[in-house]
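Peer 1: here's a sequence, model it:
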Amino acid sequence: MDVLVIDDSQAVLAQMKRLLEQDRQAVTSIFRNPLLALDEARMRAFDLVLVDYTMPEMDGVTVIRQLRGIAHYAQVPIVMITSEVSDAVRLAALDAGATDFLDKRTGRVELQVRLRNLVRLATAVRRLDDQASWLAGEVETAVRTLREREAEIIFRLSLAVEYRDNDTGDHTWRVARYSQIMAEALGLDADLCRRVYLAAPLHDVGKVAIPDGVLLKPGRLDEKEFALIRTHAAIGKRILGGSNCELIGLAAEIAESHHERWDGGGYPNGLSGEAIPLAARIVAVADVFDALTTERHYKAAMPLSQARACIAAESGHHFDPACVAAFLSRWDDIVAVGASASAHLRDVPFRIEPWARVPSLPREVPVEAEPREDEAA
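Peer 2: Take a look at the predicted model:
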């Protein structure tokens, strides 16, 4: 128990120190100068403060008010030591935040008992504060754990979707990172950028309902098959829609609208411009760019510079111009993500990168087929 005593009387300081420390329950620091005492209080967390009212440098009411302005001393017992018994002084001290008063004229026995009670009060306050801090830490840990598990579950589910779509799952990670980079470039707040990053991997969740014969067909899709592929956007909305979870709600918007076009020529609802949810507009750029720059069993990978030009050319047509500008403004970061090897991605600590616990799933049976001219939906 650390106690701070401030009084310009050396005799009072000596008496208080002796009474406080006689039961060995307190370690007392004494100051005659209130300015020096305040400096010490800012650097050291005292559990109990006793302060005189009348002092040459600063009165006790001002000291109390300044102490209460320091975060640690919001709940710490602060007691005024005074022989001033006027209502004006007491009211001023209470208004400044005084917990109690000690009359300097009090007899030795009563003073000793009252000081002992103050030490007990300060001890109880400190225990409550310690318990509150412990509980806050436990809650923070629990919330962090839940968020980490939420992130891991989302990434594992999205990996299953990509794996079924004849991918190793790296597409999911790259789209998530591209989307996060663009969200940051657009100036969105950090929490929303994080939610876009976590929700983006579920953009193609609706493909779980597409028959394998269509989804994994190596050749050209006919008109009926392509129409079936296009239903994955609406199916994704049905899978994810209606959730009370804010993150899943964002994922539902992305799943439904990431194939809408800025000019209104997309699907499933033919939305245009800002009627398309912002997160979906962001993921649309990320998804197409990754599709262009990665090798599929029906096409070769496009060079980065050529894919960049394709994205830029579609500004105001397929894509939101603001999203394209954000994409281009962070080009070096985009390239860095695209160049990262999946083995390296999973070396990142899980608390920083939720993808780190998600395993790499190489295809057991490579698909060999003739090139397919139509783009993947």
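
Peer 1: list the buried ones in the helix or strand where Cys193 lies?
Peer 2: Assigned by DSSP states H and E, Cys193 falls within helix 190-199. For helix 190-199, the buried set under the neighbour-count rule, 16 or more other Cβ atoms under 10 Å, comprises 193-199. C-beta coordinates here come from the backbone N, C-alpha and C atoms, glycine included.

Peer 1: residues contacting it, please?
Peer 2: Contacts of helix 190-199 with the rest of the structure, by Cβ atoms under 8 Å, 6 or more residues apart in numbering, involve 150-151, 154, 176-177, 179-180, 183-184, 188, 246-248, 250-251, 254, 279, 282-283, 354.

Peer 1: then stretch 319-327?
Peer 2: By Cβ under 8 Å, 6+ apart, the residues outside stretch 319-327 that reach it are 178, 181-183, 185-186, 261-262, 273, 276, 278, 281-282, 284-285, 288-289, 311-312, 314-315, 334.

Peer 1: filter the residues you listed to the buried ones?
Peer 2: Among the contacts of stretch 319-327, those scoring as buried are 178, 181-183, 185-186, 261-262, 276, 278, 281-282, 284-285, 288-289, 311, 314-315, 334 (criterion: 16+ other Cβ under 10 Å).

Peer 1: keep only those of these that are in helices.
Peer 2: Members of the buried ones among the contacts of stretch 319-327 lying in helices (criterion: DSSP state H): 178, 181-183, 185, 278, 281-282, 284-285, 288-289, 311, 334.

Peer 1: closest one of those residues to Ala233?
Peer 2: Distance from Ala233 was checked for each of those by Cβ to Cβ. The minimum falls on Ala284, at 11.1 Å.

Peer 1: give me every residue that touches the closest residue in space to the closest one that isn't next to it in sequence.
Peer 2: The shortest distance from Ala284 to any residue that is not its chain neighbour, by Cβ to Cβ, 6 or more residues apart in numbering, is 5.0 Å, and that residue is His258. Listed by Cβ under 8 Å, 6+ apart, the contact set of His258 reads 203, 233, 280, 283-284, 287.

Peer 1: redo the residues you listed as a markdown table? Include pLDDT and distance to Cys323.
Peer 2: A markdown table is the format used below for the contacts of His258 (pLDDT from 0 to 100; distance: Cβ to Cβ, whole Å):
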| residue | pLDDT | distance to Cys323 |
| --- | --- | --- |
| His203 | 92 | 14 |
| Ala233 | 95 | 18 |
| Ala280 | 97 | 10 |
| Val283 | 97 | 9 |
| Ala284 | 97 | 8 |
| Asp287 | 94 | 12 |
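
Peer 1: ok, and the most crowded of those?
Peer 2: Ranked by neighbour count (other Cβ atoms under 10 Å), those have Val283 at the top, with 32 neighbours.

Peer 1: number of residues surrounding Ala291?
Peer 2: Here the neighbour count serves as a burial measure; for Ala291 (other Cβ under 10 Å) it reads 18.

Peer 1: quick check: it is in a strand.
Peer 2: No. If the criterion is DSSP: H, G, I helix; E, B strand; the rest coil, then Ala291 is helix and not within a strand.

Peer 1: tell me the pLDDT at it?
Peer 2: According to the prediction, Ala291 has pLDDT 89.

Peer 1: Three-state assignment for the residue nearest to Arg114 when sequence neighbours are not counted, please.
Peer 2: Setting aside the residues directly before and after it, Arg114 is nearest to Leu102 in space (Cβ to Cβ, 6+ apart), at 6.4 Å. Applying three-state DSSP to Leu102 yields a three-state assignment of strand.

Peer 1: tell me the bridge partners for Leu102.
Peer 2: Applying DSSP bridges to Leu102 gives these bridge partners: Ile81.

Peer 1: burial count for it?
Peer 2: A count of nearby residues for Leu102, using other Cβ under 10 Å, gives 20.

Peer 1: for Gln22, same thing?
Peer 2: Using other Cβ under 10 Å, Gln22 is surrounded by 12 other residues.

Peer 1: and it, how far from Gly97?
Peer 2: From Gln22 across to Gly97, the span is 28 Å (Cβ to Cβ, to the nearest Å).

Peer 1: again, but for Gly236
Peer 2: The span separating Gly236 from Gly97 equals 57 Å under the rule Cβ to Cβ.

Peer 1: more neighbours: these two, which one.
Peer 2: Counting neighbours by other Cβ under 10 Å for Gly236 and for Gly97 shows that Gly236 has the greater number, 29 against 17.

Peer 1: wait, that one sits on His259?
Peer 2: No. The pair Gly236 and His259 fails to qualify as a contact (Cβ atoms under 8 Å) at a distance of 10.0 Å.

Peer 1: low-scoring stretches of the stretch 201-350 of the chain, by residue?
Peer 2: Scanning the stretch 201-350 of the chain with the threshold set as pLDDT under 70 gives 297-298, 340-350.

Peer 1: would you turn the buried residues of helix 190-199 into TSV with pLDDT and distance to Val113?
Peer 2: Putting these into TSV (pLDDT from 0 to 100; distance: Cβ to Cβ, whole Å) gives the following:
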residue	pLDDT	distance to Val113
Cys193	95	59
Arg194	91	56
Arg195	92	58
Val196	95	63
Tyr197	93	61
Leu198	91	59
Ala199	93	63
